[in-house]
Every structure is written in C-alpha cells, then in structure tokens.
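S.K.: Predicted model follows, preceded by the sequence.
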Amino acid sequence: MEKYIVSLDPEERVELQQLVNAGKAAARRIAHARVLLLADRDDCLDEEIVLALGVSLRTVERVRKRLVTEGLDAAIDHRPQPPRADKIKIRGDLEQKLIELACADPPRGRCRWTLRLLAGQMVVLGLVDAISVETVRQALKKTTSTRGSSKDGASRPTPTPSLSGAWRM
C-alpha cells in the first residue's frame, strides 16, 4: 500500500493538540487527531501508532491518505456511510401494497395486524419470497399515515369535572 507522508503546519499541530487536550469532541475525532500528531513525527511507524492508540492499521493508513488528499478537516471528521440501496427490500409498488394490507381489515380471529402477520401475508400473496418482520417494521415506520384521527396522540381528551361541580373543557 502506498504510504502518505504527513507533514503538519505549526497551526495545524496546535489545533490538533487543542482538540486532543480539550477532550470535548467525538472519540473518533480525537483518535484521528492523535493519529495525525504521531504520524507527523519522523521516527514513529504505523505499527507503533496502532499499538499506542489501539486503532487498526487500516485506520492509520486511511487518516494519512485523507489528510494528504482532502485536507485536515476531512481527515479528522467522520464521513457517514451512504445509504445502501441494495439493502432496501420494500419500495415503490411493494411498499404501497404493504400499506394497503396494513390498513385493511385483519384476518378472522384477530383484532389487528401484527408485523409477523403482515410479513406472512405478503409471502402468502406471493408479493415476496421471504421477508423479515424487521423489514416490514422499517417500511411501515417511514410512512406518516395513521388509521386514527388527524391529531397526534392515541385518544382525544375527555372533559373532566371541576371541583365546583361545573364541567370544564
């Protein structure tokens, strides 16, 4: 693997030392700052950084590369993973059919749909070969439709009597 040489400016070094000394940042940011501070020394090998900080060799290599190619901020900040489209099993028409099924009357002998019943019914109807309860839950969670009232909450408030005998709302 190609080794990227870390050479920090004095201002960058001071910024990283302040970040490490303050200890008020995310653990990943502090670990990456420590990696860069140690990698800036000429006598420190990557294996020594791994042993000293308890990070992986790949992390040290990745932080070095991001500093050289993208700059200091990119090297210490976390880059979130992009959403994985191949992991989303229910979308489009299939999601619509699931919602229609969930809003329909439950099977005989049941008072409501459960996630397990919905998953099983989707397999029975031939919409999918197999589907987990968690996948059904995630698909239904992202919908904003409710079968109840348009207001938030499980039930509407009921009037309560006051101590004076008159009803208040």
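M.R.: On my side now, so go ahead.
S.K.: hey, let's count contacts and neighbours off CA atoms from now on
M.R.: Fine.
S.K.: Which segments of this structure make up each domain?
M.R.: 10-76, 86-141 (automatic domain parsing).
S.K.: Single out the most deeply packed of these.
M.R.: domain 10-76 (a mean of 16; mean count of other C-alpha atoms under 10 Å).
S.K.: So for it, mean pLDDT?
M.R.: Here domain 10-76 scores 91 as its mean pLDDT.
S.K.: Tell me the span between the first and last residue of it.
M.R.: 17 Å (C-alpha to C-alpha, to the nearest Å).
S.K.: Can you show me the strands along this protein?
M.R.: Secondary structure of the chain, counting by DSSP state E: strands at 160-161, 167-168.
S.K.: and these, which one's lowest on average pLDDT?
M.R.: strand 167-168 - the lowest mean pLDDT of the strands of the chain, at a mean of 56.
S.K.: Can you identify each of the helices in the protein by residue range?
M.R.: Applying DSSP state H to the chain gives helices spanning 10-22, 27-39, 46-53, 57-70, 72-76, 93-103, 115-124, 133-141.
S.K.: so which of those gets nearest residue 4?
M.R.: Set against residue 4 and scored by C-alpha to C-alpha, those come closest in helix 57-70, at 5.7 Å.
S.K.: any idea how far that closest one is from the chain center?
M.R.: On the basis of C-alpha atoms, centre = their mean, to the nearest Å, helix 57-70 sits 23 Å off its chain's mean C-alpha point.
S.K.: That helix - contacts with which helices or strands?
M.R.: Packing contacts for helix 57-70, counted by 3 or more C-alpha pairs under 8 Å, 6 or more residues apart in numbering; DSSP states H and E, involve helix 27-39, helix 46-53, helix 72-76.
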